[in-house]
Every structure is written in C-alpha cells, then in structure tokens.
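next one to model:
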Amino acid sequence: MDHNFFLSYRKTVIKPDEVLLNILIPFTKPDEFFYGYKQAHRREDDIAIVNAGIRVLFEEGTNVIKEAAFSYGGMAPITVMAVNTARAIVGRKWEDSLVQDVCTLLEKDLPLSPDAPGGTVEYRRTLTTSFFYKFYLTVQLKIQQKEGKRKIPSSFKSATSIFHGNASKGSQVFDEVGTGQLEDDSVGRPLVHVSAAKQSTGEAVYCDDMPMITGELYLALVTSTEAHAKIINIDPSEALSMSGVVTYLGHGDIPQVGSNQTGAVVCDEEIFASEEVHCQGQVIGAIVADSQAHAQRAAKQVQVKYEKLPPIITIEDAIEAKSYIPPIRKVVKGNIDQAFAVSDHTIQGEMRVGGQEHFYLETHVTVAIPKGEDGEMEIFCSSQGPSKAQTQVAAVLGVPVNRILIRVKRMGGGFGGKETRFSVLLLPVAIAAFKLNKPVRCMLDRDEDMVITGGRHPFLGKYKVGFANNGKIQAVEVDLYSNAGCSADLSYSVMERALFHSDCCYNIPNIRVTGYPCRTNLPSNTAFRGFGGPQGMMIGENWVSDIAVVLGITQEQVREVNMYQEGDLTHFNQTLTRCNIRKCWQKVLSQSDFYQRKNEVDVFNSENRWKKRGIAVIPTKFGISFTATFMNQAGALILVYTDGSVLLTHGGTEMGQGLHTKMIQVASRALKIPVDRIHISETSTNTVPNTSPMAASILTEWPSLMHAEQLWRD
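Below you'll find the predicted structure:
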C-alpha cells in the first residue's frame with residue numbers, strides 16, 4: 001500500500017472482485033520513528049481539518065535519513081503523500097537546517113487552491129508544516145534522550161507533548177434549606193428538572209413530534225438565491241405540475257383584509273417578497289404539497305428571474321454607503337472635548353466582534369390548524385414569544401387577535417433566535433392553512449434554518465480614550481456599528497444595550513457613545529444571549545488593555561482605579577445602589593489566589609516557547625429586563641380541581657432552562673402542597689394573554705414573582 005492506493009474520492013486500486021483481507025502495521029525498528037497528528041475544531045469526536053502521519057528511518061546508529069514518508073489528510077479529496085519531499089531528504093542529516101528545506105518542499109508537494117472546498121486554505125497549509133516541525137522536535141528529543149546530548153532547548157519541549165484529556169466529571173453543590181422550612185416547600189431544594197426523564201429517554205414531545213392530522217399538508221419555502229435584486233418574474237408552473245403539489249403561494253395570496261408587511265418592532269419586512277429581495281434566503285413564496293418530500297422537491301423547481309442590484313454585505317460597506325437604520329442612538333455624559341484636552345495620554349483604536357449562529361437543536365417549526373369558523377386558527381410553534389406570534393398572524397390574516405390561539409409545549413433551544421424570527425416560517429404556514437382551510441405543517445431543515453434566519457450581530461467599535469498617568473480614565477468616545485442585516489428586527493434594542501454596557505464596570509466622567517445599526521443585504525440579525533451587552537463590553541475591555549500597554553502597568557491596576565463605587569452615576573444616569581462590584585472583585589482575587597497563579601503562568605510561559613498559558617480577571621455587569629419597561633410584566637393562571645390537584649399556566653415558555661420547574665416550586669410553597677400535585681401542560685395565549693417574550697434574562701423571574709404575589713394575595 002503506497003501513494004498509488006487512492007485513485008480518487010472513495011475510490012481505491014482494489015478491484016470489484018477483490019477483498020482487502022488485512023493490513024499489517026509492523027513495529028518500528030530501533031532507528032525508526034512514526035507519529036500521527038490531527039487538528040480539529042474539537043479534540044473529541046470531530047473530523048480533522050488536517051491530519052498527518054509522518055515516518056522516518058535512519059541509517060543504523062546515525063542521524064542520516066534512510067527512508068521517509070509524509071501522509072496528509074484534508075489537503076485533497078483523498079489522502080495524499082508528499083512523495084517528492086520524502087525522496088529529496090534521503091541522505092540528509094536530521095538537523096535544524098533540514099526544517100526550512102522540508103517546509104518549502106511540503107508547500108510545493110501539497111498545493112491548495114484559494115477556492116478549495118472547506119476554506120481556511122492558508123491555515124491548512126500552515127498545519128502541514130507545523131505537523132512536520134512537531135515531528136522534527138519529537139524525533140530530536142528522542143535522539144537526545146538516547147545519546148544524552150542536548151539537541152533542542154528545554155523551552156522547545158512543549159511542542160512535543162501529547163495532549164491527554166482528563167475524564168469528564170461534574171458535581172453539584174446545594175445549600176441546605178432552613179430547619180423550619182416545611183417538608184412540602186420545595187423552594188431551595190434540589191428538585192430535578194420536571195422534563196429531565198422524558199427528554200433523556202426521547203419521550204418529550206416537541207412540535208414536529210405531533211402526529212399528522214387527517215388531511216394535513218406540508219409547506220416548503222421558496223427563497224431568494226440573490227443578496228439584492230429586483231424580481232422580474234416568478235414561474236411556478238413546473239413545480240405545480242409535479243406529483244402531490246397542491247398550490248403555490250406568493251404575495252398575491254395574502255388575504256385582502258390582511259397585510260404583507262410585518263416586523264418585530266417596525267413593519268419593514270415582507271412576508272413574501274413582491275418586487276425586490278434584500279438578502280439571500282428571503283422568502284419569496286411557498287409550495288404546499290401532500291408530503292414533505294413532494295413539497296421540498298417542487299420548491300426547488302420554482303423559477304425566479306432576477307435583475308441583480310449592488311449588495312451591501314459588510315459593516316464597512318454600510319459605512320461607505322451610509323446605509324443605517326434610523327434613528328442613530330447616542331448616550332452622552334460630561335464634556336469629552338475638555339476632558340481630552342487635559343488628558344495625559346490619548347489613544348485611538350478599533351475592534352471587531354464577529355457574529356454567531358444560534359444552532360438550537362430544534363429548528364423553526366409550525367403546525368397551523370384552521371378551525372373552519374369565525375376565522376379561528378390553532379397554531380403549534382417553537383416560539384419564545386407566543387403573544388407576538390398571535391398578533392402577527394392576526395394582522396396578516398385580517399382577523400381579531402382573539403381568533404388566533406398559539407400553543408407552545410416546549411422548545412428545543414432558543415437562545416434569542418426564536419424571540420421574533422419564527423415569523424419567517426409561522427406566517428407563510430398560517431396563510432397556507434387559512435387559504436386552503438386545511439392543517440399545514442413545516443419544519444425547516446438545518447441548512448434552510450441557517451440560511452433564512454440571522455444570528456448574533458457582528459460589531460465594529462472605533463474608540464478614542466483619554467487617561468491620566470495613573471490609568472484613571474478621563475474621556476471616552478466610542479462609535480459602535482452593528483450589522484443589522486436587511487431589516488430592523490430587534491437591532492434598535494441590541495444597539496441600546498451595547499451602548500449601556502460600553503462603560504463596562506468603570507466610572508467614566510466624560511463619555512460619548514454613538515450606535516449605528518447598519519442595514520445590509522444579509523438575513524436580519526436578531527436577539528442572541530447577551531443581546532448586545534457582550535459586544536459593547538468586549539470593545540470596552542479592549543481599550544482597557546490598550547491603556548495598560550501604554551502605561552506599562554497591569555490590566556488589573558487599570559480596572560481597579562476606574563471601577564464603580566456605591567453612589568456613582570452611570571453614563572445613562574442611573575445611580576448605583578448596593579454596588580458590590582469591588583467586593584466581588586476582591587473576593588475573586590483572594591479565593592482564586594489570582595496573583596500567585598499569574599506568577600506561575602509567567603514562569604511557565606518563560607520556559608515554554610510553543611505552549612502558552614494565560615489567566616485574567618475581568619469585572620462584568622449585565623442589565624436584566626427589557627429596556628422597553630412596559631414589557632417587564634407577566635401573569636399566571638392557577639386552576640385547583642376537586643381532587644386537590646393543581647394545573648398551572650403562565651406566560652413564560654420552556655426551552656430547557658427549567659422555568660416550569662421553578663414555577664412548580666413557587667406554587668408548592670404558596671399553596672403548601674407537594675410538587676407532585678402540581679402540573680404544567682403548556683404555554684398558550686388563551687390562558688395567559690399579552691405576555692412578553694421569554695427573553696432579557698428576566699422572564700424566569702417575572703412569572704415566578706407575579707405568580708407568587710397573586711397566590712399570596714389570594
């Protein structure tokens with residue numbers, strides 16, 4: 001078996017009538033060395049980006065190369081061997097002058113075009129030479145140990161170590177409840193998640209697990225293949241002629257009393273694109289058929305003719321085109337011009353924070369069931385905001401909100417991605433069910449979900465900072481730019497939260513921060529854990545680091561001299577009460593032995609050239625609840641039956657975070673009954689109306705507080 005064994009992708013020299021009986025891998029000889037390497041996104045259970053097997057055999061008792069072999073995966077559709085490199089080094093000595101020559105030879109032996117599948121071309125090419133260098137050092141170390149002569153510096157040895165992961169383990173620590181607490185009072189006790197057993201055994205029912213209803217149809221979306229273009233013509237004729245297809249839906253199928261316009265805050269989106277598309281993946285229409293396979297197959301046959309328009313993709317593109325979503329937000333405190341004039345030092349810089357995909361386990365899914373009278377419709381969907389879903393469906397169908405019932409049993413993850421963007425699937429399904437008067441279902445495939453829906457907002461921060469010789473910050477000016485995508489969605493609120501968190505945990509007497517949500521031709525970015533806060537603070541901590549570098553002091557010193565204290569006023573005019581950040585800071589430093597561990601890290605790094613360690617301590621804050629304060633409300637409904645059992649319903653949605661479990665604990669304490677007497681079935685808009693979406697890191701608390709207050713009052 002040599003470099004001729006693999007002919008092409010999944011094709012070898014083995015003939016159809018031949019069987020590979022065995023592969024013999026012999027033990028290495030005394031002067032022979034072999035090692036394998038793999039680089040992947042994760043250390044366990046992940047396909048390699050690049051892997052390698054490298055072998056060398058020396059002339060007996062010398063360091064002269066007799067044979068060599070280099071085998072690489074991830075550099076072509078098949079495993080490839082660097083044959084020319086192996087031949088060229090035969091007869092060479094295993095010494096430092098060999099390294100550069102081998103790296104040059106490998107680059108020629110393993111070419112990779114800029115458009116190679118899998119991307120990250122430069123990184124993959126670098127890995128091929130890096131693996132050889134690790135192999136070279138490892139072999140040198142073995143020779144060194146054998147001969148007792150020092151061939152490599154001790155600081156280089158970290159490149160030769162093999163990673164061994166520790167066995168996974170975990171523990172949970174619970175505080176004991178007070179001795180006077182009633183036995184049936186479960187608050188504070190380690191109660192198992194009420195759905196844990198069902199979820200771990202696969203018995204938990206999610207939206208698409210529901211059995212099909214008689215006459216149910218399936219919907220598949222027709223989406224744009226262009227980022228920005230005029231729609232010249234849509235021809236569904238070929239799709240409509242295919243087996244099982246019922247109809248095609250487009251903007252012309254919106255009920256006359258309804259509206260094709262929608263949006264989370266501002267109605268700047270179309271349910272079905274009518275004249276222009278503004279991002280790849282924008283919904284143009286939908287095919288309804290008798291099965292998922294028929295619908296998806298037919299949707300691909302809908303012909304859309306475009307006239308391409310110039311797209312805006314990046315934040316830099318938007319800045320150049322002044323493509324912003326108004327209004328531009330600004331927060332100002334003090335006089336920054338005067339403060340900059342008296343500052344000992346002034347620095348400028350910028351930082352980018354990338355986007356992120358939600359990747360919830362359950363993609364967007366909706367099942368809509370028309371009731372056949374009075375415009376009523378029952379909808380099961382995976383949504384963090386049932387009330388928002390209810391009002392949007394009512395608006396598009398032109399019926400009162402009380403005719404639409406939204407039901408959410410549980411979600412397979414949300415992370416903000418299902419706070420508003422459920423509408424891209426929910427509304428087409430509702431329209432189809434309304435028009436055809438039949439149940440309609442759709443669950444997006446993973447690739448569809450990732451193309452159609454947005455994620456975390458990428459940010460660009462440009463800053464100017466003035467500060468004193470002791471590190472005290474005197475003035476900060478920051479311009480924040482976010483890539484909002486093709487519509488406003490929640491980008492206003494995301495930017496607001498980024499502005500509110502741009503001071504991090506530091507009292508800045510003079511500050512001006514301005515936020516520019518950039519309209520681009522990408523799918524609309526939306527809520528994501530942290531909701532702008534992480535981006536604002538990341539950019540803020542970057543200039544803290546810059547100050548430390550300029551002054552030659554530690555980042556901890558800069559942070560301590562600027563940290564908030566009790567009674568300080570934030571740049572958004574909130575007076576801080578019960579401000580415990582300095583107490584938390586000192587406690588963390590003490591309990592973690594931070595400075596001792598930092599010294600150990602410094603020593604390790606000085607002794608290891610290739611492997612480095614790091615340690616940091618950073619204060620953080622996060623403003624919980626909605627900035628739109630009217631949304632900070634919740635409700636609950638408690639039904640007590642004659643057998644003493646209780647059915648509890650509230651406005652929050654369960655997506656794995658344990659909200660239902662906490663609500664049962666609260667009810668158990670208030671009603672003084674065991675938790676096994678309390679049941680939560682689902683969240684629905686006909687039991688608790690006008691609810692806020694499950695978001696803002698507060699909705700686990702609000703339903704519990706409101707529910708407990710109501711019970712105690714009653």
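
so where do the helices sit in the stretch 101-250 of the chain?
Assigned by DSSP state H, counting those that start in this stretch, the helices in the stretch 101-250 of the chain fall at 121-147, 196-201, 237-240.

same question for the stretch 351-500 of the chain.
386-397, 423-436, 446-452, 491-500.

quick one: closest of those to residue 408.
helix 386-397 (5.4 Å; CB to CB). For glycine as for every other residue, the C-beta is placed from the backbone atoms N, C-alpha and C.

pull the distance from that closest one to the chain's centre.
Averaging C-alpha positions (CA atoms, centre = their mean, to the nearest Å) puts helix 386-397 27 Å from its chain's average.

tell me what angle that helix forms with helix 423-436.
Here the directions of helix 386-397 and helix 423-436 differ by 50 degrees (axes from the mean of the first three to the mean of the last three CA atoms, to 10 degrees).

is the closest residue to residue 3 other than its chain neighbours in a bridge, and if so with what?
Counting by CB to CB, 6 or more residues apart in numbering, residue 3 lies nearest to residue 81, which is 4.0 Å off, once chain neighbours are set aside. With DSSP bridges applied, residue 81 shows beta-bridge pairing to residue 71.

residues in contact with residue 81?
Shown in contact with residue 81 (CB atoms under 8 Å, 6 or more residues apart in numbering): 2-3, 69-72.

try it again at 7 Å.
3, 69-71 (CB atoms under 7 Å, 6 or more residues apart in numbering).

again with residue 647
Residues near residue 647 by CB under 7 Å, 6+ apart: 639, 679, 681.

swap in 6 Å and give it another go.
639, 679 (CB atoms under 6 Å, 6 or more residues apart in numbering).

could you list the buried residues of the host helix or strand of it?
Using DSSP states H and E, residue 647 falls within strand 646-650. Buried residues in strand 646-650, defined by neighbour count with 16 or more other CB atoms under 10 Å: 646, 648-650.

just send the residues you listed back as JSON lines, with pLDDT and distance to residue 36 too.
Output for those, formatted as JSON lines (pLDDT from 0 to 100; distance: CB to CB, whole Å):
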{"residue": "646", "pLDDT": "96", "distance to residue 36": "60"}
{"residue": "648", "pLDDT": "94", "distance to residue 36": "56"}
{"residue": "649", "pLDDT": "92", "distance to residue 36": "57"}
{"residue": "650", "pLDDT": "91", "distance to residue 36": "55"}
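
with distance to residue 434 added, can I get those in JSON lines?
Below are the buried residues of strand 646-650 laid out as JSON lines (distance: CB to CB, whole Å):
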{"residue": "646", "distance to residue 434": "36"}
{"residue": "648", "distance to residue 434": "32"}
{"residue": "649", "distance to residue 434": "27"}
{"residue": "650", "distance to residue 434": "29"}
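
circling back to that earlier point, any idea how far the residue nearest to residue 3 is from residue 366?
52 Å (CB to CB, to the nearest Å).

likewise for residue 251?
In terms of CB to CB, residue 251 sits 19 Å off from residue 366.

residue ranges of the strands in the stretch 201-350 of the chain, please?
Applying DSSP state E, counting those that start in this stretch to the stretch 201-350 of the chain gives strands spanning 217-223, 229-235, 245-249, 261-262, 269-270, 276-277, 283-289, 303-308, 329-333, 345-353.

and the first one, which strands flank it?
Right, the one you point to is strand 217-223. Here strand 217-223 is paired, per DSSP bridges, with strand 283-289 (antiparallel), strand 440-443 (parallel).

pLDDT averaged over it, what's the number?
For strand 217-223, the mean pLDDT works out to 98.

keeping just the C-alphas, turn that strand into PDB.
The C-alpha trace of strand 217-223 is given here as PDB (Å, rounded to 0.1, in the frame of the first residue of the first chain):
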ATOM      1  CA  LEU A 217     -50.400  19.300   4.100                       C
ATOM      2  CA  TYR A 218     -46.700  20.200   4.100                       C
ATOM      3  CA  LEU A 219     -45.200  23.500   3.100                       C
ATOM      4  CA  ALA A 220     -41.700  24.200   1.700                       C
ATOM      5  CA  LEU A 221     -40.400  27.800   1.300                       C
ATOM      6  CA  VAL A 222     -39.100  29.200  -2.000                       C
ATOM      7  CA  THR A 223     -36.200  31.600  -1.000                       C
END
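
let me know the angle separating that strand from strand 303-308.
30 degrees.

pull the residues that contact strand 217-223.
The contact list for strand 217-223 (CB under 6 Å, 6+ apart) reads 246, 281, 283-289, 291-292, 295-296, 299, 302, 429, 432, 438, 440-442.

quick revisit: closest one to residue 140 among the strands paired with strand 217-223?
Residue 140 lies closest, by CB to CB, to one member of those: strand 440-443, at 55.9 Å.

pull the CA atoms of the closest one into PDB?
Extracted in PDB, the C-alpha atoms of strand 440-443 (Å, rounded to 0.1, in the frame of the first residue of the first chain):
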ATOM      1  CA  VAL A 440     -50.400  22.800   7.300                       C
ATOM      2  CA  ARG A 441     -47.000  21.900   8.700                       C
ATOM      3  CA  CYS A 442     -43.400  22.900   8.100                       C
ATOM      4  CA  MET A 443     -40.100  22.300   9.900                       C
END
